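In: Dropping a prediction and its sequence here:
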Amino acid sequence: MFVPERLRLARQRRGLTLTKLSEISGISTRTLSSYENDEYHPPQESLDALAGHLSVLPEFFQRESIDVLPPETVSFRKLSKTTAAKRDAALAAATITLEFADWIHSKFVLPNPTVPTLDKLDPETAADVIRTRWGLGVKPISNMVHLLEAHGVRVFNIAAECREIDAFSFYRDEVPYIFLSTDKTGERQRFDAAHELGHLVLHSDGGQDRPQGRAKEAEANRFAAALLMPADGVLSQSMRNATLDRILAARSYWRVSAMAMTHRLRELELLTEWMYRSTCVTLSEMGYRKAEPGGIVPETSQVLRKVLFNTEVKSATRQASDYLQVPPSEIRSHIAGLVPTAA
């Protein structure tokens, strides 16, 4: 039986308005609206055509009813700079990812979530608590994605069409999810991952609406900096009035961007305001604002690799696509950059 919510989900996944889908499909906007509002069901010929235009299988429209994630439950990095269409496309893609996550959960035993809620603490203290509880000490975190997955966070890629969103996170049924843009440098991906963990730790009680705004983003940034570059660890390196060469060596040690390292030194009052600004200008001239020369290799997912290359689950990508009634390319779009996509 036709499920109207599925048509809306597939349309939003492609970032299409009803008007645009009408232009592509040749079906009137009014007719499409009546389909989505369950006023009457489309004939099979129309379903087949719509499936082709929306890159799903016709059976996708017959799966159980599902609602797109509501915006108020998600913490977005760049919501103010994002159009509603892009936001809705990202939420629709994430909704399909959740179905993929459900398939994974049905096949594999995954780590239970152990992300605490520390909304009464300031970001610096909260980051210290996480480091203590997770046994990290004051040393660099070797792999942020592996760390998150070990503590029950499900990590996925933001679909290429939705990269303007940058990164986002949310809880679903008390399970935390983080979506990353995997076309960034390895250092910036790590900071995004730590930033989203900050939202989960500081701005959520496991299911309520997620606060938005610059103040919350600043708190998540401060948390990420403190988690990746703990104060005690940085202070032990005698970085007061550090030269550019020392800053670059430190960013390699902590596996962060040169700009993030410089900003952290200013936060800890190890650089004067003049030195901070001067260093940022020099780094920008050297290409460090938009890239990370000599940087690290982007991190990958341990969980997804085990899922997709498990010898007991043959052709995992094909199985998942059959389950979701989408082409394998749709599955790959949610894991691109996190695992080899030849699975």
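Out: That came through fine. Please read these numbers as outputs of a predicted model, since none were measured by experiment.
In: Next one: the nearest residue to C162 once chain neighbours are set aside relative to A10, how far apart?
Out: Across the structure, with CB to CB, 6 or more residues apart in numbering as the measure, the residue nearest C162 apart from its sequence neighbours is A90 (3.9 Å). All C-beta spots, glycine's among them, are computed from the backbone N, C-alpha and C. In this structure, A90 and A10 are 15 Å apart, going by CB to CB, to the nearest Å.
In: Likewise for S278?
Out: Distance, S278 to A10, by CB to CB: 52 Å.
In: So, low pLDDT: which residues of the protein?
Out: Judged by pLDDT under 70, the chain has its weakly predicted residues at 77-81, 205-212, 311-314, 341-343.
In: ok so, going back, okay, S278 and A10: which has more neighbours?
Out: It is A10, of S278 and A10, that has more neighbours when counted by other CB atoms under 10 Å, with 22 against 14.
In: isn't there a helix covering that one?
Out: Yes. In this structure, A10 lies within a helix as judged by DSSP: H, G, I helix; E, B strand; the rest coil.
In: For it, list the residues it contacts.
Out: Contacts for A10 (CB atoms under 8 Å, 6 or more residues apart in numbering) come out as L50, A51, L54, S55, V56, F60, F61, A92.
In: So which bits of the helix or strand harbouring the residue nearest to C162 are buried?
Out: Take DSSP states H and E as the rule and A90 turns out to sit in helix 84-107. Applying a neighbour-count criterion of 16 or more other CB atoms under 10 Å, the buried positions in helix 84-107 are 86-101, 103-104.
In: residues making contact with the following helix or strand past that helix?
Out: Next along the chain after helix 84-107, taking DSSP H and E as the criterion, comes helix 123-133. Applying CB under 8 Å, 6+ apart, the contact partners of helix 123-133 are 116, 118, 121, 136-138, 197-198, 201-202, 219-220, 222-224, 226-227, 230-231.
In: which among the residues you listed end up buried?
Out: Here the buried ones among the contacts of helix 123-133, as counted with 16+ other CB under 10 Å, turn out to be 118, 121, 136, 197-198, 201-202, 219-220, 222-224, 226-227, 230-231.
In: Now go through these and say which are in helices.
Out: L197, G198, V201, L202, E219, A220, R222, F223, A224, A226, L227, A231 (DSSP state H).
In: Distance to L265 added to those, as JSON lines?
Out: Compiled in JSON lines, these are given as follows (distance: CB to CB, whole Å):
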{"residue": "L197", "distance to L265": "22"}
{"residue": "G198", "distance to L265": "20"}
{"residue": "V201", "distance to L265": "24"}
{"residue": "L202", "distance to L265": "23"}
{"residue": "E219", "distance to L265": "20"}
{"residue": "A220", "distance to L265": "20"}
{"residue": "R222", "distance to L265": "14"}
{"residue": "F223", "distance to L265": "17"}
{"residue": "A224", "distance to L265": "15"}
{"residue": "A226", "distance to L265": "13"}
{"residue": "L227", "distance to L265": "16"}
{"residue": "A231", "distance to L265": "11"}
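In: Verify the contact between I165 and D88 for me.
Out: No. Taking contacts as CB atoms under 8 Å, I165 lies outside contact range of D88: 10.7 Å.
In: where do the strands sit along this structure?
Out: Remark: strands of the chain, listed N- to C-terminal, are 75-76, 154-157, 167-172, 175-180; assignment by DSSP state E.
In: got TSV for these, with mean neighbour count and distance to M1 too?
Out: Compiled in TSV, these are given as follows (neighbours: other CB atoms under 10 Å; distance: least, CB to CB, whole Å):
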stretch	mean neighbour count	distance to M1
strand 75-76	24	34
strand 154-157	24	30
strand 167-172	23	26
strand 175-180	24	29
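In: Reformat those as CSV; add distance to D67.
Out: Formatted as CSV, the entries for the strands of the chain read as follows, by distance: least, CB to CB, whole Å:
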stretch, distance to D67
strand 75-76, 18
strand 154-157, 19
strand 167-172, 12
strand 175-180, 16
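In: Of those, which is nearest I66?
Out: For the strands of the chain, proximity to I66 was assessed by CB to CB; strand 167-172 is nearest, at 11.8 Å.
In: Starting from that closest one, tell me which strands it pairs with and how they run.
Out: Strand 167-172 has the following strand partners under DSSP bridges: strand 75-76 (antiparallel), strand 175-180 (antiparallel).
In: Put the alpha carbons of it into PDB.
Out: As requested, the backbone C-alpha atoms of strand 167-172 are provided in PDB (Å, rounded to 0.1, in the frame of the first residue of the first chain):
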ATOM      1  CA  ALA A 167      27.900  18.800  10.800                       C
ATOM      2  CA  PHE A 168      25.100  17.900  13.100                       C
ATOM      3  CA  SER A 169      24.000  15.600  15.900                       C
ATOM      4  CA  PHE A 170      20.900  14.400  17.700                       C
ATOM      5  CA  TYR A 171      19.500  11.600  19.900                       C
ATOM      6  CA  ARG A 172      17.000   9.100  18.700                       C
END
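In: Could you tell me the angle between that strand and helix 84-107?
Out: Using axes from the mean of the first three to the mean of the last three CA atoms, to 10 degrees, the inter-axis angle of strand 167-172 relative to helix 84-107 is 50 degrees.
In: I am finished for the moment; much appreciated.
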